[in-house]
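Asker: quick one: sequence plus predicted model below, questions after.
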Amino acid sequence: MKEEVSNKTKSHTIYRLQDGKRIPGVTTVTGMLGWKTQSLIRWANNLGLKGIDSTKYVDDKADVGILAHAMIIDYLKGEKTNTNDYSKNQISQSENSVLSFFEWEKTHKIKPVLLEKPLVSELYEFGGTADIFGEINNQYELIDLKTGSGIYDDMIIQVSAYKKLLEENNYPVDKVRILNIPRSEDESFQEKLVENHEVGWQIFLNCISIYGLRKALNK
């Protein structure tokens, strides 16, 4: 019997090279950008002025996003999502979020090839787990699922790195797409076909350099 593991409590993926060396993941590397810092500070301050605990607010929103993401991946796998660790309200919001993906899928039928498959770049020494890699209309697409209030530049950097990661592991990528699925009424569905991924990749390479230099600085 297969034991169900909550997506909420899944362990953080650790990436290693063939020789055992531990390497950073894509989101760790793009964290070097710091592009969202000022906007996040302003956002948290505005919540505080309204008497809202930003930490609890973020935690709840994050849980809804995690569950919505898991529901979509499990749907594509033909599996049932374990929702035991979530509240009724979180489950309801996640289901509403997934509906926007279903609407999109009506005109973009996906034939999955990889779903949340951890991959490693031996050449550039980083790892990553793209959400969806599959075939749509005879072309191979990388699809990254995002929940939140929009599609931002750092997301383009992330998917640019995922594209290179897939290609190094012999999965050719024809298109790169970001889907932003809303969690609540104040968010809206958005999608973006990423065409400037070569620029994004160059920025990612610089982030890898900064990541390595920062580690050396702290030794």
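Answerer: Sure, I can see it. Numbers count the residues shown, from 1 in each chain.
Asker: how about the longest helix along the chain: buried residues?
Answerer: The longest helix of the chain (DSSP state H) is helix 54-77. Within helix 54-77, the residues that qualify as buried by neighbour count (16 or more other CB atoms under 10 Å) are 61, 63-73, 76. Where C-beta positions appear, they are placed from N, C-alpha and C, glycine not excepted.
Asker: equivalent analysis for stretch 105-117, please.
Answerer: Using 16+ other CB under 10 Å as the test for burial, stretch 105-117 gives 110, 114-116.
Asker: point out where this structure drops to low pLDDT.
Answerer: 1-11, 34-59 (pLDDT under 70).
Asker: do a quick rundown of the strands in it.
Answerer: Using DSSP state E, the strands of the chain run over 15-16, 22-23, 111-121, 126-136, 139-146, 175-180, 190-193.
Asker: out of these, which comes closest to V29?
Answerer: With CB to CB as the measure, strand 126-136 is the member of the strands of the chain nearest V29 (5.9 Å).
Asker: and the closest residue in space to Y75 that isn't next to it in sequence, what does it touch?
Answerer: In space, and not counting its chain neighbours, Y75 is closest to V98: 7.4 Å by CB to CB, 6 or more residues apart in numbering. Contact analysis of V98 by CB atoms under 8 Å, 6 or more residues apart in numbering lists 68, 71-72, 75, 181.
Asker: return the member of those residues nearest to Q18.
Answerer: Checking these one by one against Q18 (CB to CB), the nearest turns out to be I72, at 31.6 Å.
Asker: do you know how far the closest residue to that closest one other than its chain neighbours is from L145?
Answerer: Setting aside the residues directly before and after it, I72 is nearest to F101 in space (CB to CB, 6+ apart), at 5.3 Å. Per CB to CB, to the nearest Å, F101 is found 8 Å from L145.
Asker: which neighbours do these two have in common?
Answerer: Common neighbours of F101 and L145 (CB under 8 Å, 6+ apart) are 72, 179, 181.
Asker: I'd say Y86 and S92 touch.
Answerer: No: applying CB atoms under 8 Å as the test, Y86 and S92 come out as separate, 9.7 Å apart.
Asker: tell me which of these two has more neighbours.
Answerer: Y86 (21 against 12; other CB atoms under 10 Å).
Asker: what's the separation between the closest residue to the more buried one other than its chain neighbours and T28?
Answerer: Leaving aside its chain neighbours, Y86 sits nearest to L67 (5.5 Å; criterion: CB to CB, 6+ apart). Applying CB to CB, the value for L67 to T28 is 23 Å.
Asker: and E125, by the same measure?
Answerer: From E125 across to T28, the span is 12 Å (CB to CB).
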